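> This is the structure alone, sequence omitted:
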Ligand SMILES: Cc1cc2nc3c(=O)[nH]c(=O)nc-3n(C[C@H](O)[C@H](O)[C@H](O)COP(=O)(O)OP(=O)(O)OC[C@H]3O[C@@H](n4cnc5c(N)ncnc54)[C@H](O)[C@@H]3O)c2cc1C
């Protein structure tokens, strides 16, 4: 066992001020030697919005064993656990997150398996979903073209039921292996995830997605599938602000309405709070112009919600997950 590292006084002070340190923050917790848990790690660079405070404790496991050890350690020390993937659908508070943050983006040690017989791809949760889409397209496997511009992990896509252009994960997911809090592994079928629009029953849950099996259409022509994938990607790039930090669509569409149309009709494109701005290109995106804080973005979200409520009597729900205290 070693003591935790990365305890510079400034970080510790910041941590104590911002994360509302409880006893575990300042206490010298022993961490297992085979698990690279770090103290007071900035989460800002780990989200696509580029905002957020410190994780009290942080682990980026590269193996299943390390993930299990980290989980057991957090439980032993009564620490809350937060799972993140590529942070592309998260608003993390400037005050940071207490407990252990486990980031799954490096959990991709097992090679992606393409099985011609079952027409399935099996991949680790840390794989980027867009890279899987391109790998599939190059083989002439169709069914993931829509996901090419989504900057999230496979695990995040499974949990969020990520989707675009009328398609989503629920159409292709066969099953997923999850790690339960007690360290056991379970295989869940598509049906057991109770998928609906951008949700699954894994949301807000403590289970960790380790891998997923997807069923694709393997009888396609590689050139055509690659062309479709490019077309979908270009459509995004022309309509969405990919040049500035964002988290994609902030609000769920209040069916049959579109959140972007409601916000645009209110003239809110370009509206700013601090350095957070409702994108002038796509009204359902909030961009970080440069130095926005999570609080700026949170306030702008509230403002948009209040304006939509006042004008249309519609409660816009966020698609983005907000973590920590605001
Ligand atoms: C430019 C841009 C465009 C986007 N376009 C789309 C789009 O077209 N369609 C769409 O659906 N989304 C889109 N998004 C949002 C986002 O990319 C997706 O929601 C994506 O699936 C999130 O994956 P992630 O790995 O980043 O998850 P995170 O944002 O890190 O986490 C999202 C949620 O999943 C949980 N989670 C993540 N990984 C795991 C895991 N392994 N086990 C258990 N829980 C986990 C987290 O706790 C959190 O609740 C876009 C985002 C951006 C920035």
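Yep, that arrived. Keep in mind the model is a prediction, meaning the values are calculated, not measured.

> helices or strands up against the helix or strand residue 40 falls within?
Taking DSSP states H and E as the criterion, residue 40 maps to strand 38-42. Judged by 3 or more Cβ pairs under 8 Å, 6 or more residues apart in numbering; DSSP states H and E, the packing partners of strand 38-42 are helix 9-18, strand 54-59. All C-beta atoms are positioned from the backbone trio N, CA, C, and that covers glycine.

> Between strand 38-42 and the last one, find me the angle.
So that's strand 54-59. 130 degrees (axes from the mean of the first three to the mean of the last three Cα atoms, to 10 degrees).

> what about strand 54-59, average pLDDT?
Confidence for strand 54-59, expressed as mean pLDDT, is 98.

> What parts of the protein come near the ligand?
Listed as neighbours of the ligand in the chain under the rule Cβ under 6 Å from any ligand atom: 48, 83-90, 104, 125, 150-153, 155-157, 159-160, 162-164, 202-203, 208-209, 242, 246-248, 321.

> quick one on the thing from earlier: give me the mean pLDDT for the strand holding residue 40.
97.

> Next: stretch 287-300.
For stretch 287-300, the mean confidence score works out to 98.

> likewise stretch 267-280?
Mean predicted confidence for stretch 267-280 is 98.

> I'd like to know how far residue 184 sits from the ligand.
15 Å (Cβ to the nearest ligand atom, to the nearest Å).

> give me every residue that touches that residue.
By Cβ atoms under 8 Å, 6 or more residues apart in numbering, the contact list for residue 184 is empty.

> Show the pLDDT at it.
Predicted confidence (pLDDT) for residue 184: 96.

> Check residue 172 too.
98.

> Chain neighbours aside, what residue packs nearest to it?
residue 214 (4.5 Å; Cβ to Cβ, 6 or more residues apart in numbering).

> Against which helices or strands is the host helix or strand of the one you found packed?
In the assignment (DSSP H and E), residue 214 maps to strand 208-215. Packing partners of strand 208-215 (3+ Cβ pairs under 8 Å, 6+ apart): helix 64-76, strand 120-124, helix 154-160, strand 173-179.

> Can you tell me which of these is most buried?
helix 154-160 (a mean of 29; mean count of other Cβ atoms under 10 Å).

> quick revisit: who does the strand holding residue 40 pair with, and is each partner parallel or antiparallel?
strand 54-59 (antiparallel) (DSSP bridges).

> First residue to last residue on stretch 261-276, what's the distance there?
19 Å (Cα to Cα, to the nearest Å).

> Would you mark the buried spots in it?
Using 16 or more other Cβ atoms under 10 Å as the burial criterion, the residues of stretch 261-276 that qualify are 262, 263, 266, 268, 269, 271, 273, 276.

> number of nearby residues for residue 217?
Counted with other Cβ atoms under 10 Å, the neighbours of residue 217 add up to 14.

> tell me the phi and psi of it?
phi -100, psi 110 (degrees, to the nearest 10).

> residues touching it, list them.
Residue 217 touches 119, 141, 142, 143, counting by Cβ under 8 Å, 6+ apart.

> which of those residues sit farthest apart?
For the contacts of residue 217, the farthest-apart pair by Cβ to Cβ is 119 and 142; their separation is 10.6 Å.

> Who has more neighbours out of these two?
residue 142 (20 against 16).

> List the beta-bridge partners for the more buried one.
On the basis of DSSP bridges, residue 142 is bridged to residue 217.

> which stretches of this structure have low pLDDT?
For the chain, applying pLDDT under 70 flags the ranges 1-27.

> repeat that with 90
1-31, 33-34, 109-111, 204-206, 219-220 (pLDDT under 90).

> quick check: domain ranges of it?
Segmentation of the chain into domains, based on automatic domain parsing, reads 2-103, 113-238, 241-323.
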